[in-house]
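Colleague: sequence plus predicted model, see below.
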Amino acid sequence: MRQHIHSMQPSTEDRPLGFDRADAGLIDRQRSRRLRVLIYTTLFPNSVHPLQGNFVLERMRHLLPFIDMSVVAPIPYFPRVNLNERWFKFATVPHNEQFAGFDVDHPRYIVLPKLGMATQGVSMFAGSLRQVCSRLRETDFDLIDAHYVYPDGLAATLLGAALNKPVVVSARGTDINVFPQLKTIRPMIRRVLAQADAVIAVAQSLKNSMLDLGCPSEKITVLRNGVDPVKFKPRPVLFARHILALPPDRPIVLGVGQLTAGKGFHILIEAVARLRSHRPDVLLLLVGEGPQRPVLEKLIRDLGVSDSVRLVGSQPHERLALWYSAADLFCLPSSKEGCPNVVLEAMACGRPVIATRVGGIPEAVVSPSVGTLVDRTVEAFEQAMAEALPRPWDHDGIVAHARSHDWSSIATKILNIYSEVIARRRPQFPHSSSVQFCPK
């Protein structure tokens, strides 16, 4: 029998911050029948890609005391032939595994060359149906919670329609900022927004874009990503630098994220090259990996700043607090964003933020006391860093601001969304059996 995550019913002290008596009553009524939620997303981390989608995992960890969850995380099919390193890694992901305490299935779906993006949602549904039905036969679930509107959300709403299950979909960034611009994808995104029982936007800007796509306002709830104040809290600067073998007396600027063109780390490198004329001791650290690494390495060589810029590669998520604490400033020159966790994580460690005015960043960097929003230019970042490095920041105030976005309060609101969606759908299908729709 498959092992699902079941935990002790939480005491009053264990409940998320913000629970009122009505919330407590809801949990008490569910003592004998806890909510069961199927998490459906390609973003869930796995043993081959352990750092992807940590925001999904963190949200689940803070819901775990109150509901039972299992995960279906589809993977693109690729034969176990090492012709392409990126795609071969997909082939090595196991079909079922325990990851971070969750039982995770990785059904495969076909990605067709040239047509892949347009057919991906339907292919994902077809590849997942048998596995989802297998879950249903073992333990029924009340709701599908999907992350990413397309293609994950399309597959999830197709599953929900076939199995009479309500579906909640979270919009996270590219799925709304970029994909609707593609003519073949836009109608499918609009279908997901119409079919989903509820939609979560991690930034107000994403809600505004979904309203433009025709999604009813009452269906959308803005719930920004949270931060774990236990994991992300300030460490003494010299201690963090000692552990990471960093110089104790140089001003350090930090960037964290995938090394992609959209993150704009080339802008930081060029800004530091200019900043060296009056701050020759400045050191830029870039944490992350990605396809732009060779481009960034060449830029570092061409500008002659190898003593001022370090690409330190991917780092375990649990060690990021040390990197934030070791820095003087955190910078993010992205072209597009949803609600980047790295901004809140940096602030939870007491670090001021310099970032572009995109996506949900202005909703986190709300005042000059916690950071600066700038244009996406080399000159703007150089000037902002030059002004911020000598400034005496209120680090305790920055930490307090970040902690107002803790995951526990967000978990409370998600539980309310789940309960409302299930309550609305149950009268429509009071005695329906999902298993009868499943293939044998």
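Modeller: Received it, and whenever you're ready, just let me know what you need. Residues are numbered from 1 along each chain as shown.

Colleague: and residue 354, backbone torsions?
Modeller: Main-chain dihedrals, residue 354, degrees, to the nearest 10: phi -120, psi 120.

Colleague: can you pull the contacts of it?
Modeller: By Cβ atoms under 8 Å, 6 or more residues apart in numbering, the contact set of residue 354 is 329-332, 371-372, 374, 381, 384-385, 388. Just so you know, the C-beta spots here come from the backbone N, C-alpha and C atoms, and that holds for glycine as well.

Colleague: which of the residues you listed fall within helices?
Modeller: Using DSSP state H, the subset of these located in helices is 381, 384-385, 388.

Colleague: so who does the closest residue to residue 260 other than its chain neighbours touch?
Modeller: Spatially, and ignoring its direct neighbours in sequence, residue 260 is nearest to residue 290 (5.0 Å; Cβ to Cβ, 6 or more residues apart in numbering). Residue 290 makes contacts with 258-260, 263, as judged by Cβ under 8 Å, 6+ apart.

Colleague: quick one: these as TSV, columns for pLDDT too.
Modeller: As requested, these are arranged in TSV below (pLDDT from 0 to 100):
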residue	pLDDT
258	90
259	94
260	93
263	95
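
Colleague: filter those to the buried ones?
Modeller: 258-259, 263 (16 or more other Cβ atoms under 10 Å).

Colleague: sorry, back to before: tell me the confidence at the residue nearest to residue 260?
Modeller: The per-residue pLDDT reported for residue 290 equals 90.

Colleague: and residue 122, how many neighbours?
Modeller: 16 (other Cβ atoms under 10 Å).

Colleague: could you measure from the residue nearest to residue 260 over to residue 358?
Modeller: Computed as Cβ to Cβ, to the nearest Å, the residue 290 to residue 358 distance reads 18 Å.

Colleague: same question for residue 332.
Modeller: 9 Å.

Colleague: just residue 76 next, same as before
Modeller: Distance from residue 76 to residue 358, by Cβ to Cβ: 28 Å.

Colleague: which of the two has more neighbours?
Modeller: residue 358 (23 against 18).

Colleague: contacts only, for that one.
Modeller: Contacts of residue 358 (Cβ under 8 Å, 6+ apart): 334-337, 376.

Colleague: which parts of the stretch 301-440 of the chain are helices?
Modeller: 320-326, 341-348, 361-364, 378-388, 395-403, 407-425 (DSSP state H, counting those that start in this stretch).

Colleague: tell me the mean pLDDT for the first one?
Modeller: In other words, helix 320-326. 97.

Colleague: same check on the shortest one?
Modeller: Here helix 361-364 scores 92 as its mean pLDDT.

Colleague: now it, how far from the centre of its chain.
Modeller: Centre-to-centre, helix 361-364 and its host chain are 15 Å apart (Cα atoms, centre = their mean, to the nearest Å).

Colleague: give me the domain ranges for this protein.
Modeller: 12-226+406-437, 237-403 (automatic domain parsing).

Colleague: which of these comes out lowest on mean pLDDT?
Modeller: domain 12-226+406-437 (a mean of 84).

Colleague: tell me how far it lies from the chain's centre.
Modeller: Centre to centre, stretch against its chain (Cα atoms, centre = their mean), the figure for domain 12-226+406-437 is 12 Å.

Colleague: show me what contacts residue 241?
Modeller: 247-248, 252, 326.

Colleague: just the ones in helices from those, please.
Modeller: residue 326.

Colleague: looking at the contacts of residue 241, which has the most residues close by?
Modeller: The most neighbours, when the contacts of residue 241 are compared by other Cβ under 10 Å, belong to residue 326, which has 25 neighbours.

Colleague: so that residue sits against residue 245, correct?
Modeller: No - with contact defined as Cβ atoms under 8 Å, residue 326 does not count as touching residue 245 (10.1 Å).

Colleague: show me the helices in the stretch 51-200 of the chain, by range?
Modeller: 54-63, 85-92, 116-138, 154-163, 174-177, 186-195.

Colleague: what packs against the first one?
Modeller: Using 3 or more Cβ pairs under 8 Å, 6 or more residues apart in numbering; DSSP states H and E as the contact criterion, the neighbours of helix 54-63 among helices and strands are strand 36-40, helix 341-348, helix 407-425.

Colleague: buried sites along the last one?
Modeller: Same thing as helix 407-425. For helix 407-425, by 16+ other Cβ under 10 Å, it's 407-412, 414-415, 417-419, 421-422, 425.

Colleague: which residue is nearest the middle of the chain?
Modeller: residue 55 (3.6 Å; Cα atoms, centre = their mean).

Colleague: which ones are touching it?
Modeller: 172, 225, 341.

Colleague: compare the residues you listed and tell me which has the most neighbours.
Modeller: Going by other Cβ under 10 Å, residue 172 tops these with 28 neighbours.

Colleague: once you drop chain neighbours, what's closest to that one?
Modeller: Residue 172's closest residue in space is residue 338 (Cβ to Cβ, 6+ apart), at 4.5 Å.

Colleague: same question for residue 63.
Modeller: Closest to residue 63 by Cβ to Cβ, 6+ apart is residue 411, at 5.2 Å.

Colleague: quick one: secondary structure of residue 47?
Modeller: coil (DSSP: H, G, I helix; E, B strand; the rest coil).

Colleague: phi and psi next, for it.
Modeller: According to degrees, to the nearest 10, residue 47 has phi -70, psi -20.

Colleague: could the helices and strands packed on helix 54-63 go into JSON lines alongside distance to residue 118?
Modeller: Listed next are the helices and strands packed on helix 54-63 as JSON lines, based on distance: least, Cβ to Cβ, whole Å:
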{"stretch": "strand 36-40", "distance to residue 118": "20"}
{"stretch": "helix 341-348", "distance to residue 118": "30"}
{"stretch": "helix 407-425", "distance to residue 118": "29"}
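
Colleague: ok so, going back, out of the helices of the stretch 51-200 of the chain, which is closest to residue 284?
Modeller: Closest to residue 284 of the helices of the stretch 51-200 of the chain, according to Cβ to Cβ: helix 54-63, at 23.5 Å.

Colleague: between the closest one and helix 407-425, how many degrees?
Modeller: Relative orientation of helix 54-63 and helix 407-425, computed by axes from the mean of the first three to the mean of the last three Cα atoms, to 10 degrees: 80 degrees.

Colleague: only alpha carbons, please: show helix 54-63 as PDB.
Modeller: C-alpha atoms of helix 54-63 as PDB (Å, rounded to 0.1, in the frame of the first residue of the first chain):
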ATOM      1  CA  ASN A  54      11.600  25.100  -3.500                       C
ATOM      2  CA  PHE A  55       8.800  27.600  -3.200                       C
ATOM      3  CA  VAL A  56       6.300  24.800  -3.900                       C
ATOM      4  CA  LEU A  57       7.900  22.600  -1.300                       C
ATOM      5  CA  GLU A  58       8.000  25.300   1.300                       C
ATOM      6  CA  ARG A  59       4.300  26.000   0.900                       C
ATOM      7  CA  MET A  60       3.500  22.300   1.200                       C
ATOM      8  CA  ARG A  61       5.700  22.000   4.400                       C
ATOM      9  CA  HIS A  62       3.600  24.600   6.100                       C
ATOM     10  CA  LEU A  63       0.300  23.000   5.100                       C
END
